[in-house]
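> Model the structure of this input:
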Amino acid sequence: MGKVHDAFVSYRQSIDKSEASADTWCSIGVLYQEQNQPMDALQAYICAVQLDRNHEAAWRDLAILYEACQQPRDALVCYLNAKHCAQNTKDEDLSRRIKLLQEQVGSSPNEHLNKGHILPCIEDAWTLPIPAELTQRQSAFNSAKRRKLESWQPPMWYLSAQQIQVLQNLRLNRSILTSNQLMELERLEHNFAIMSQHQVEQIEKQRLMATATRHQAVPTAIPTATAVNSLPGNMVTSMAVSPMVNGIIPSPTTVSAVVTTQGIVCSTPSGKERYPMNSIVNGTMDNHLYKDATGMDKSHLKTGKLVSSPVLSNANGVNGVFSPSAPSGVQGYPPVLQTTTSSHKLLPNGPATENGKLNYHHHQGALDGGARYNSVMDTPQDTPSSDVNPSLHTTTNPYQLQTKLTNHMHHHGGTNGSIVSIKPSPPLSHASRSSGADGVLSPTSASLDQRQSPIKEKLGEKEDLLSEDKYLKQSYELSVIPHRPLPPLLQPIGIPFTLPARDVIQTCRKLMCNGSSPKHLHLDKCPPPSKPPSRKQTLPKEELSPPAPTIYLESKKEAMSRALADFCTNPQNPVTVIRGLAAALKLDLGLFSTKTLVESNPQCTVEVRTQAQQPSEENWDSNGTNKVWLCESSRSYSSIAKYAQYQAMTFQESMKRNTNQNTSGEKSSRGTSDASDPCSSKSTSKRKTFKTIKFGTNIDLSDEKKWKLQLQELSKLPWLFRLVSAGNMLSHVGHSILGMNTIQLYMKVPGSRTPGHQENNNYSAININIGPGDCEWFAVPEEYWGEICNLCEKHNINYLSGSWWPVLEDLYHANIPVYRFIQKPGDLVWLNAGTVHWVQAVGWCNNIAWNVGLVSPHQYQMTVERYEWNKFCGYKSIVPIVQLTWNMAQHVRITNPKLFNMMKTCMMRSLWQCQQMLDNLKKNNIDVIWHGRTDEEHSHYCETCEVELFNLLFVRRSESNLQTHLVHCLNCARNLNPDLENFVVLNQYHTDELMRIYDSFTLAKRSKT
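Sure, this is the predicted structure:
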């Protein structure tokens, strides 16, 4: 009951802040219905369909509500609307339900159907207080917005034509400018950037206002002849009087119209407007829909509170919010970031500048073009923008001028050689831009093609193989990562996704019975996973040490903006440093300070690593004679209280040493003396000796009772960075994975090292420095992990399970670029999927970290790719990908076609694998015992090979301890005993249940609101 109350409060706050979407109202309706408050539930559902006329889940839930109240005619109306919303998908359950209600309505007299109504009929529901209030609120909001736009006056900081000419001349002569002229250039550039985007915003707002005005212009009474066309989307609101249509006896209404060809019946009572045409979503779009046990879409209570995005320009946006389904050819402008030297300045909508030139083309390629990252979910706060398709050709004068100046600077080489964060990409053609409109990473980006050019040579060697194996060729074509095939688990089987699960199993059986046993049906016969191809192109020296992209935030609006999420999740940005986030969101990072930790839970366990304090760019063996990659440390355990004492003691010793050095006249730096001079004693000849330090790591903060304040504080973060979110894959695993979907804390002294690694299963990572000291980071793009793996093998270190610290000289010699940067207190470091990294503390500090798995095709393929590589190398994947995929199919509304195809393929393969094992067990007369699966039960792994086990478990008693049971996969079980004697086979899912989940998992339509 407490959770229900909390959910009500959360949704109430969402509505009060004008952030309510159709999903929010639908969720409120579900809550009211569960609390047996049908009238309140009815009004909530009506508000949902008022905001989104194509909200299938709301129509279904409304139909279920009417059925529960014994009002079949109204339930039938709602079911017909739900079917209309899902016209591209086949739902046999829905069709059966409609047919049953049609028979019931047709066989019952009107008098009987109209008796004892608990709820108002669907025709009268629109006039209930809450829907009427929503209509009035939306109308008032749009009117206020229109008045504000009409009263707008140009700001004083607009540049005149003469100032723009001066700006262009200064840019052309940048290399010979004086310091005063450079300052003037910087001021003009800043004003010009803001002016350009401000004008674009105003023009777009006026266009949106005009569109909203047209939609609001509806007559007070709808004539009979136009009743159908007047209703949005030809939705069903009531049944006509006569004649009978498809076995339906309509109910009496004053005005009616019947559409028999599509099977859609619409009507409105005279003088009443059933669907307010001005019911526009106020700054929000569809949230994530979940599916309940019956397979019907429902808004789950896990959906978080929506946060308003900043106003962004888009032709298909509502109230200045980007729509994820903008039609191709519509002109809009993407959110961009202002670039300064080695950093990015985030403006609400400002264009980017790079060394004095407008960097619009960079963001075209990085954020919105063919190489951009795209979303798969519908909520703007839950995902980066997806289908924003800006055009380079527009009649907007400021934008034309901006593009002209940018092109001019490109052609005349306007840079002065100073360091910039990211190199600009060339402008994208219309063809390449439109190719990326399907919501996936497009391989047609000019910048990506140039960057991946060495790989194309490698691919030429595989042309013959690809022409022979159509399935392998198809795995390259369907991959969202350029020039890399889909991993084996996602490679197509050749069976259409439209087939129901039962037919999929029968088809696979027939293929097996033919005697050919196609290789693509068996995972173990698919081509094994491989490392990314090595790059042959030699990078210039300056490109081996690129500066890390850095974004400065100044307000909560910037922190919550979609531009920030777009930039961070773009695959071209391996790492992003975000500064000012804590101040912008008013985060109390003091809750994670050593003092507060000791007060909260002093006995919490700390894993302590004993290490040698060394310079960050070097790594020496235990004798101090040779540079090596092996990063040695010993493990022990302590408590937060004891480690806090050690942390304070080392700090006091350093302060005392600094005081003595200052007294003797030696130069020192407070708080960094140990880090800058890690050698604790003088080196003799070639031998180096280092001070021993202790690093407190892997401190678990998952206990909500002990760390309630800390976890609540992190809920202030933007959606992308939150620990729990509907758009985070790791929130759907079903159980806790320490350090991934839970918070982990690190307590450091100068020199504490986190060795090189990629995050588990290539998920993205978040790390916040609590302070007071700094941390030094090293990061390498994901596409170079194969070469680093080769270097580890060269030094006899296991890349996946070993502890290694790269020697920078070796990386530069191997032509591997390394991002090197300082993380200051309050800085958030976002590591994109698969980024290789290692970290060393410069001062005394604490850090908190966790993982995020964005629900996107790029992240999903990266995850499965590492899952298959781990399996190939005999290394355990702590994220159960198959189990996760089936969970996501039940709980997440997928709108991206490529992600849907990947997940469906994974489900198809695992379904057939389970059924094949069951068939073989039945053939050999081996019983399968039902075991089931409990809530929050951890996934099982094979005791021998450590692969994930899904559905079928082969269990035996341990020989050393009869009370212990060991779980194995089928192959390892047969290796121990070919006849599976002394093994018990347990089943966690019924086949019918898996088939139901498979069939109910369909590609959802994007919201048009």
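> got the buried residues for stretch 74-94?
Residues 74-86, 91, 94 are the ones in stretch 74-94 that count as buried (16 or more other C-beta atoms under 10 Å). C-beta coordinates here come from the backbone N, C-alpha and C atoms, glycine included.
> I meant to write stretch 539-554 there.
Buried residues in stretch 539-554 (16+ other C-beta under 10 Å): 544, 546-553.
> closest to Leu564 among those residues?
Ile551 (6.7 Å; C-beta to C-beta).
> Where does the closest one sit, in terms of helix or strand?
strand 550-552 (DSSP states H and E).
> which helices and strands sit right next to that strand?
Judged by 3 or more C-beta pairs under 8 Å, 6 or more residues apart in numbering; DSSP states H and E, strand 550-552 is in contact with strand 343-345, strand 575-579.
> averaging pLDDT over each of these, which comes out lowest?
For those, the stretch scoring lowest in mean pLDDT is strand 343-345; its value is a mean of 41.
> Which pLDDT does the model give the closest residue to Ala22 other than its chain neighbours?
Distances taken as C-beta to C-beta, 6 or more residues apart in numbering place Asp52 nearest to Ala22, at 3.6 Å, with adjacent residues excluded. Per-residue pLDDT puts Asp52 at 85.
> Does Asp52 touch Trp59 like I think?
No. Asp52 lies out of contact with Trp59 (C-beta atoms under 8 Å); the separation is 10.0 Å.
> More neighbours: which of these two?
More crowded of Asp52 and Trp59, by other C-beta atoms under 10 Å: Trp59, with 28 against 25.
> I'd say the more buried one and Leu76 touch.
No. Using C-beta under 8 Å, Trp59 is not in contact with Leu76; the gap is 11.5 Å.
> Output the contacting helices and strands for the longest helix anywhere in the chain.
Identified as the longest helix of the chain according to DSSP state H is helix 179-216. Using 3+ C-beta pairs under 8 Å, 6+ apart, the elements in contact with helix 179-216 are helix 129-150, helix 161-172, strand 353-354, strand 357-358, helix 397-412.
> for the record, mean pLDDT for the longest one?
Helix 129-150 comes out with an average pLDDT of 68.
> next one: stretch 846-862
pLDDT averaged over stretch 846-862 gives 96.
> repeat for stretch 719-739
93.
> That one: end-to-end distance?
19 Å (C-alpha to C-alpha, to the nearest Å).
> Now that stretch: buried residues?
So for stretch 719-739, counting by 16+ other C-beta under 10 Å, buried means 719-723, 725-734, 737, 739.
> likewise stretch 984-991?
984-989, 991.
> List the ones among those residues that fall in strands.
984-987 (DSSP state E).
> any idea which of those is closest to Ala44?
Looking across these and measuring by C-beta to C-beta, the closest to Ala44 is Asn987, at 40.2 Å.
> which residues touch that closest one?
928-931, 951-953 (C-beta atoms under 8 Å, 6 or more residues apart in numbering).
> Toward the C-terminus from the helix or strand Val864 falls within, list the very next helix or strand.
Using DSSP H and E, Val864 maps to helix 857-873. Remark: after helix 857-873, the chain's next helix or strand is helix 881-891, criterion DSSP H and E.
> Other residues contacting that next one?
With contacts defined as C-beta under 8 Å, 6+ apart, helix 881-891 is touched by 290-291, 300, 302, 489, 726, 729, 732-734, 761, 855, 863-864, 867, 894, 903, 906-907, 910, 939, 948, 950, 994, 997-998, 1001.
> Distance-wise, check the closest residue to Asn741 other than its chain neighbours relative to Thr863.
Of all residues not flanking Asn741 in the chain, Leu730 sits nearest, at 4.0 Å (C-beta to C-beta, 6+ apart). Remark: distance between Leu730 and Thr863 (C-beta to C-beta, to the nearest Å) = 10 Å.
> which neighbours do these two share?
In contact with both Leu730 and Thr863: 763, 853, 879, using C-beta under 8 Å, 6+ apart.
> Next, give phi and psi for the last one.
Phi and psi for Val879, reported as degrees, to the nearest 10, are phi -100, psi 120.
> give me every residue that touches it.
For Val879, counting by C-beta under 8 Å, 6+ apart, the contacting residues are 730, 733, 737, 740, 760-761, 763, 853, 863, 867.
> I'd like to know which of those residues are part of helices.
863, 867.
> Would you mind giving the contacts of Val879 as a markdown table with distance to Glu186 added?
Output for the contacts of Val879, formatted as a markdown table (distance: C-beta to C-beta, whole Å):
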| residue | distance to Glu186 |
| --- | --- |
| Leu730 | 43 |
| Val733 | 48 |
| Ile737 | 47 |
| Met740 | 43 |
| Asn760 | 44 |
| Asn761 | 44 |
| Tyr763 | 39 |
| Gly853 | 40 |
| Thr863 | 43 |
| Tyr867 | 48 |
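> from the contacts of Val879, which is closest to Met195?
Gly853 (39.7 Å).
> what's near enough to touch the spatially closest residue to that closest one that is not a sequence neighbour?
Closest residue in space to Gly853, ignoring its immediate chain neighbours: Met729 at 3.2 Å, by C-beta to C-beta, 6+ apart. Neighbour list for Met729: 763, 853-855, 859-860, 863, 884, 888 [criterion: C-beta under 8 Å, 6+ apart].
> and with 7 Å instead?
853, 855, 884, 888 (C-beta atoms under 7 Å, 6 or more residues apart in numbering).
> Quick one: neighbours of the third one, just the number.
A count of nearby residues for Leu884, using other C-beta under 10 Å, gives 25.
> From His735, how far off is it?
Taking C-beta to C-beta, one finds Leu884 at 11 Å from His735.
> pretty sure the residue nearest to Asn741 contacts Leu854?
No. The pair Leu730 and Leu854 does not pass the contact test of C-beta atoms under 7 Å, sitting 10.0 Å apart.
> Can you give the domain ranges for the chain?
3-135, 501-527+880-1000, 548-655+689-855 (the TED database).
> Put together a markdown table for these, with distance to Pro482 on each row.
As requested, the domains of the chain are exported to a markdown table (distance: least, C-beta to C-beta, whole Å):
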| stretch | distance to Pro482 |
| --- | --- |
| domain 3-135 | 30 |
| domain 501-527+880-1000 | 14 |
| domain 548-655+689-855 | 10 |
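> closest to Lys536 out of these?
So among the domains of the chain, domain 548-655+689-855 is nearest, using C-beta to C-beta, at 8.9 Å.
> start to end distance for that closest one?
Start-to-end, domain 548-655+689-855 (C-alpha to C-alpha) is 25 Å.
> still on that earlier bit, out of the ones in strands among the buried residues of stretch 984-991, which comes closest to Arg974?
Nearest member of these to Arg974, counting by C-beta to C-beta, is Val985, at 12.0 Å.
> which stretches of the stretch 601-750 of the chain have low pLDDT?
664-686 (pLDDT under 70).
> which residue ranges form the helices in it?
For the stretch 601-750 of the chain, the helices defined by DSSP state H, counting those that start in this stretch occupy 640-663, 673-676, 708-714.
> Just checking, which helix or strand succeeds the strand holding Ile551 along the chain?
Downstream of strand 550-552 (by DSSP H and E), the next one is helix 556-559.
> elements contacting that next one?
helix 581-585 (3 or more C-beta pairs under 7 Å, 6 or more residues apart in numbering; DSSP states H and E).
> Quick check: which ranges of the stretch 451-600 of the chain have low pLDDT?
451-469, 471, 514-520, 522-525.
> Just the helices from it, written as ranges.
453-460, 463-468, 470-478, 501-513, 556-559, 562-569, 581-585, 594-600.
> For the last one, buried residues please.
It refers to helix 594-600. Those would be 594, 596-598, 600, for helix 594-600 by 16+ other C-beta under 10 Å.
> Make a markdown table from these and add distance to Lys694 to it.
Supplementary listing: the buried residues of helix 594-600 in a markdown table, determined by distance: C-beta to C-beta, whole Å:
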| residue | distance to Lys694 |
| --- | --- |
| Thr594 | 14 |
| Thr596 | 21 |
| Leu597 | 16 |
| Val598 | 17 |
| Ser600 | 21 |
